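Peer 1: Fold the stuff below for me.
(one chain, ligands or ions: 1)
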Amino acid sequence: MSSASVAATEQALLLMRVKQLEEQHSSFRDSVICAFNQLLDLKDINTGVHSTRLAEWALRVARKLDIPEKDLYQVEVAALMHDVGKIGVPDAILKKSAPLTAEERAIINRHPEYSWSILRLFSGLEEASLYALHHHESVDGSGYPAGLKGCDIPLASRIVSVIDAYDAMVSNRCYRKGLPHEEAVRRLLNSSGSQFDSPVVEAFIPIAEQECNEVFAAAGTSMSAAL
Ligand SMILES: [Fe+2]
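Peer 2: Down below sits the predicted model:
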């Protein structure tokens, strides 16, 4: 075998090994994300719909708003993991049914920064960590933690904000019953352009509508009763 063909074979083997390592890395990262998600379930932090459904909604909205396919993984991770920082908020505050004090509210409002500080440690999730950091911003600048406005807020964060709010509204909690789908949509529309991004709300409502009809058809019940 000539030295040129030996070098070519070695290079091919090396490339194969790099590919194997990349696959191992991404499969390990996916496992860690699943494990964190399980942890959120165990801590009862995830909201009513299964987080996988939340991720599915985010992807559908992202596709409608022409986010390129190559960027969808980061959107999916952000939808799954945006509230992971709530692990750092004491249960006594997180699950308090009485109104929160200003101090307690300030503690809860740190959770997007906690989520960012966890997700940024994963190599390859830098974008998802930023999306999680900004998922409580409002398009009029009144949100947190940075008070970003409009398009300064990453589109994926604006998507997570809308689907998460809808999910929270229609889900049952130990201290209150979920709102009917129609009322949740009315509230989304009411805050469209102030808290929520209008194009995201517009893209999401038909998806929520369809979801609501499917839940009704499958269970013969309302969205809130099924969650
Ligand atoms: Fe949140």
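Peer 1: In contact with the closest residue to A58 other than its chain neighbours, which residues?
Peer 2: Leaving out its chain neighbours, the residue that sits closest to A58 by C-beta to C-beta, 6 or more residues apart in numbering is A79, at 3.6 Å. Every C-beta, even on glycine, is put in place using the N, C-alpha and C of the backbone. Applying C-beta atoms under 8 Å, 6 or more residues apart in numbering, one finds that A79 lies in contact with S51, L54, A55, W57, A58, L59, I159, V160, I163.
Peer 1: what about the fourth one, which SS state?
Peer 2: Yep, that's W57 we're talking about. helix (DSSP: H, G, I helix; E, B strand; the rest coil).
Peer 1: Also the second one?
Peer 2: Using three-state DSSP, the structure places L54 in helix.
Peer 1: Please, which helix or strand holds the closest residue to it other than its chain neighbours?
Peer 2: Spatial nearest neighbour of L54, chain neighbours left out: A79 (5.3 Å); criterion: C-beta to C-beta, 6+ apart. Using DSSP states H and E, A79 falls within helix 72-81.
Peer 1: Helix or strand next in line after that helix, which one?
Peer 2: Counting by DSSP H and E, what follows helix 72-81 is helix 91-94.
Peer 1: other SSEs contacting that next one?
Peer 2: If contacts are counted by 3 or more C-beta pairs under 8 Å, 6 or more residues apart in numbering; DSSP states H and E, helix 91-94 sits against helix 102-108.
Peer 1: All the helices of the protein, residue numbers only.
Peer 2: All helices of the chain, identified by DSSP state H, fall at 3-42, 51-64, 72-81, 91-94, 102-108, 111-119, 126-133, 155-170, 181-190, 198-219, 223-226.
Peer 1: for the record, mean pLDDT for the second one?
Peer 2: The pLDDT scores in helix 51-64 average 92.
Peer 1: And it, what's buried?
Peer 2: Buried residues in helix 51-64, defined by neighbour count with 16 or more other C-beta atoms under 10 Å: S51, L54, A55, E56, W57, A58, L59, R60, V61, A62, K64.
Peer 1: so the fifth one makes contact with E211?
Peer 2: Pointing back at W57 there. Yes: if you go by C-beta atoms under 8 Å, W57 and E211 touch, sitting 7.4 Å apart.
Peer 1: remind me which residues of this protein are low pLDDT?
Peer 2: Counting by pLDDT under 70, the chain has low-confidence residues at 1, 46-50, 173-175, 215-227.
Peer 1: how does it divide into domains?
Peer 2: Segmentation of the chain into domains, based on automatic domain parsing, reads 1-42, 48-226.
Peer 1: Could you count how many residues lie near P206?
Peer 2: Neighbours of P206 under the rule other C-beta atoms under 10 Å: 11.
Peer 1: Return the residues in contact with it.
Peer 2: P206 touches nothing, counting by C-beta under 8 Å, 6+ apart.
Peer 1: Give me the distance between it and T9.
Peer 2: 54 Å (C-beta to C-beta, to the nearest Å).
Peer 1: Which residue is the nearest non-sequential neighbour of S194?
Peer 2: D140 (4.7 Å).
Peer 1: so how far is R186 from the one you found?
Peer 2: To R186, D140 is 19 Å away according to C-beta to C-beta.
Peer 1: State the number of residues packed around I205.
Peer 2: As a burial measure, I205 scores 17 neighbours (other C-beta under 10 Å).
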